[in-house]
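*Asks:* the following comprises the amino acid sequence and a computationally predicted model.
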Amino acid sequence: MVTILTILPEGFEEIEAITPIDIWRRAGFEVTVASLNAPRLVSGRSDIVVQADTSLAELEADLVYDLIFLPGGPGVKRLRSSSKITEIIKRRDAAGRFIAAICAAPLVLKDAGLLERRKYTAHPSTETELNEILSIQSVVVDGNLITSRGAGTSVVFALKVVEILAGVNLAQKVGLSICAEVVS
């Protein structure tokens, strides 16, 4: 079974988190939602409160998941200031394990030193720090890194993750079930 860890900081972008979680669960993936900090109730940027399954502190140190996902939104500043997140991201990258980030969350990848000589995309608001954004592409895959532009690209992003982790047939099946086009 495909396993995904989604990490939610206070101020996360709801569409960018909930849409992929929903699509991945439709695909039959086991998605664990962890709050960045201790409270399991996490408030998003639009004040929608989500109950996480656990907190990052409660998880085992290895975090053996097929993919770790970081949504964007104003909460990215909390992800960026977390040394634990930086450590997790660096270890995963060194092991060649999948990391996905959308909107402003690729800034976390930059802080961990993962974007040098790699292709990526992100929200246009990050261009002052991420000056090599591939701004036309909705989703960019470079090795084990999967990045996307923002809330409006959440569906295509989530389906691309399904394709990468479980194949195009499942991505197409899930896409059809929600009337979305699968772009390979």
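*Replies:* Nice, thanks for sending it over. Numbers count the residues shown, from 1 in each chain.
*Asks:* list the contacts of Ala38.
*Replies:* Residues near Ala38 by CB atoms under 8 Å, 6 or more residues apart in numbering: 55, 57. Quick note: C-beta positions are derived from backbone N, CA and C, even for glycine.
*Asks:* can you check Asp142 too?
*Replies:* By CB under 8 Å, 6+ apart, the contact list for Asp142 reads 118-120.
*Asks:* try it again with 10 Å
*Replies:* Contact criterion CB atoms under 10 Å, 6 or more residues apart in numbering gives 114-115, 117-121, 134 as the residues in contact with Asp142.
*Asks:* what do you get for His123?
*Replies:* Taking CB under 10 Å, 6+ apart as the definition of contact, the neighbours of His123 are 13, 16, 72-73, 76, 102-107, 130, 133, 135, 148-151, 153.
*Asks:* mind listing what's buried along the helix or strand where Asp22 lies?
*Replies:* Counting by DSSP states H and E, the element that carries Asp22 is helix 14-26. Burial within helix 14-26, assessed by neighbour count using 16 or more other CB atoms under 10 Å, is assigned to 14-24, 26.
*Asks:* next helix or strand past that helix?
*Replies:* Helices and strands here follow DSSP H and E; after helix 14-26, the next one along the chain is strand 30-35.
*Asks:* run the chain-centre distance for that following strand.
*Replies:* In this view, strand 30-35 has its centroid 11 Å away from the chain centroid, taken as CA atoms, centre = their mean, to the nearest Å.
*Asks:* that one packs against which elements?
*Replies:* Helices and strands touching strand 30-35, as assessed by 3 or more CB pairs under 10 Å, 6 or more residues apart in numbering; DSSP states H and E, comprise strand 3-8, helix 14-26, strand 41-43, strand 49-51, strand 54-55, strand 67-70.
*Asks:* average pLDDT across stretch 34-52?
*Replies:* Rounded to a whole number, the mean pLDDT of stretch 34-52 is 95.
*Asks:* sorry, back to before: of the contacts of Asp142 - the most surrounded one?
*Replies:* Thr121 (28 neighbours; other CB atoms under 10 Å).
*Asks:* that one: what secondary structure?
*Replies:* Secondary structure state of Thr121, per DSSP: H, G, I helix; E, B strand; the rest coil, is coil.
*Asks:* ok, the closest residue to Ser148 other than its chain neighbours - how many residues close by?
*Replies:* If you skip the residues right next to it in sequence, Ser148 has Phe157 as its closest partner in space, 3.7 Å away by CB to CB, 6 or more residues apart in numbering. Neighbour count for Phe157, taken as other CB under 10 Å: 27.
*Asks:* let me see the contact set for Phe157.
*Replies:* By CB under 10 Å, 6+ apart, Phe157 lies in contact with 16, 19-20, 23, 69, 100-103, 121, 138-140, 146-150.
*Asks:* how about 7 Å then?
*Replies:* For Phe157, the contacting residues are 20, 102, 138-139, 148, taking CB atoms under 7 Å, 6 or more residues apart in numbering as the criterion.
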